[in-house]
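Colleague: compute the structure for the input listed below.
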Amino acid sequence: MSTGHPLGIDVGGSGIKGAPVDLDKGEFAQKRLRIDTPAVSTPEAVCDVIAQVVDHFDEVRSDSPIGVTIPGVVQHGVVKTAANIDKSWIGCEIEKLLEDRLQHDVVVVNDADAAGVGELHYGAAKGHEGLVILTTLGTGIGTAIFNRGVLVPNSELGHLEIDGVDAETMAASSAKTREELTYPQWAERLQVYYRRLEDLLWPDLIVVGGGVSKDSDEFLPLLDLRTKIIPAKLKNKAGIIGAAVLATGVQNERGRHTT
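Modeller: Have a look, this model is predicted:
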């Protein structure tokens with residue numbers, strides 16, 4: 001068991017952010033550190049920045065777990081997809097790469113899954129026992145699915161094919177910016193996307209995260225869905241907090257298996 005606070009690190013397209021997390025409160029235990037993501041964001045370059053974040057919070061050099069998010073599918077420590085990151089990530093054994101670099105156990109997870117775990121434990125989905133889908137609207141669309149509080153990892157439902165195109169290319173927040181859509185125009189696209197999610201999975205709750213969620217009053221009331229849909233509460237803290245929660249869970253599980 002750890003004696004310090006677990007460290008969560010969220011790897012994004014523009015910045016790599018990290019902070020120790022107080023799991024009792026669901027809050028940062030220290031001020032967050034943010035470092036720009038390298039212009040050429042290969043796994044090795046990103047690992048160098050992650051190492052800077054870890055060195056900044058030297059308390060994790062004890063036995064505190066480290067959780068890292070990646071914007072792609074991560075299976076058994078290996079990155080399988082790279083829709084919005086450098087293609088050299090595909091096939092990268094990221095957990096081994098980081099553990100060799102840091103000389104510390106590391107847990108690497110999908111970024112939307114981490115954000116969803118943060119919202120489930122401390123945010124908009126806290127205490128919900130039904131089927132919950134979290135979506136993050138940003139450069140792409142990330143998704144996390146929970147049934148009775150249990151994560152179904154790497155759902156990647158932002159890549160649903162709708163009208164012959166990848167959904168995130170027409171409905172992500174980046175599409176709104178790129179095409180200079182008004183909120184009502186964008187809401188028409190979100191309506192199509194979220195209705196498809198409803199028809200496939202019949203969720204009890206949809207939580208909308210990503211930076212644009214701060215403007216949720218501009219577009220969520222325009223949607224006509226069967227499912228209750230609400231904005232995320234943790235905003236850009238969700239990934240860091242969720243990564244820390246997941247890393248702690250893995251460390252505790254490993255501890256039970258070794259005792």
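Colleague: quick one: the strands in the stretch 51-200 of the chain, in order.
Modeller: Assigned by DSSP state E, counting those that start in this stretch, the stretch 51-200 of the chain shows strands spanning 66-70, 74-75, 78-79, 106-110, 131-137, 141-147, 150-152, 161-162, 165-166.
Colleague: helices or strands up against the first one?
Modeller: The helices and strands touching strand 66-70, judged by 3 or more CB pairs under 8 Å, 6 or more residues apart in numbering; DSSP states H and E, are strand 7-11, helix 94-102, strand 106-110, helix 111-122, helix 238-258. The C-beta positions use only the backbone N, C-alpha and C, and glycine is treated the same way.
Colleague: which residues are in contact with the second one?
Modeller: Contacts of helix 94-102 with the rest of the structure, by CB atoms under 8 Å, 6 or more residues apart in numbering, involve 43-44, 47-48, 50-51, 54, 66, 68, 70, 74, 77-79, 105-108.
Colleague: now that helix: average pLDDT?
Modeller: Mean per-residue pLDDT for helix 94-102: 96.
Colleague: buried residues in that helix?
Modeller: 94-95, 97-99, 102 (16 or more other CB atoms under 10 Å).
Colleague: what do you get for the longest one?
Modeller: Neighbour counts using 16+ other CB under 10 Å place 238-251 of helix 238-258 among the buried residues.
Colleague: and of those, the nearest to residue 150?
Modeller: Relative to residue 150, the closest of the buried residues of helix 238-258 is residue 249; by CB to CB it sits at 11.6 Å.
Colleague: give me the pLDDT for the closest one.
Modeller: Here the pLDDT value assigned to residue 249 is 94.
Colleague: look at residue 235 and say how many residues are nearby.
Modeller: Residues lying near residue 235 (other CB atoms under 10 Å) number 15.
Colleague: typed the wrong thing, it's residue 44
Modeller: If we define neighbours as other CB under 10 Å, then residue 44 has 13 of them.
Colleague: and what of the one 3 residues further on?
Modeller: Using other CB under 10 Å as the criterion, residue 47 is surrounded by 19 other residues.
Colleague: so the helix or strand containing it versus helix 94-102, what angle?
Modeller: Take DSSP states H and E as the rule and residue 47 turns out to sit in helix 43-56. Here helix 43-56 runs at an angle of 50 degrees relative to helix 94-102 (axes from the mean of the first three to the mean of the last three CA atoms, to 10 degrees).
Colleague: list the neighbours of helix 43-56 that are in contact with it.
Modeller: Contacts of helix 43-56 (CB under 8 Å, 6+ apart): 7, 9, 11, 16-18, 33, 35, 37-38, 60-61, 66, 68, 79, 86, 88-89, 92, 94, 97-98, 101-102, 104.
Colleague: please redo it, this time with the cut-off set to 6 Å
Modeller: With CB atoms under 6 Å, 6 or more residues apart in numbering as the test, helix 43-56 has contacts from 9, 16, 18, 33, 35, 38, 89, 92, 97-98, 101-102.
Colleague: could you dump the buried residues of helix 238-258 to JSON lines with distance to residue 124?
Modeller: Output for the buried residues of helix 238-258, formatted as JSON lines (distance: CB to CB, whole Å):
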{"residue": "238", "distance to residue 124": "9"}
{"residue": "239", "distance to residue 124": "14"}
{"residue": "240", "distance to residue 124": "16"}
{"residue": "241", "distance to residue 124": "13"}
{"residue": "242", "distance to residue 124": "13"}
{"residue": "243", "distance to residue 124": "18"}
{"residue": "244", "distance to residue 124": "18"}
{"residue": "245", "distance to residue 124": "15"}
{"residue": "246", "distance to residue 124": "18"}
{"residue": "247", "distance to residue 124": "22"}
{"residue": "248", "distance to residue 124": "21"}
{"residue": "249", "distance to residue 124": "20"}
{"residue": "250", "distance to residue 124": "24"}
{"residue": "251", "distance to residue 124": "26"}
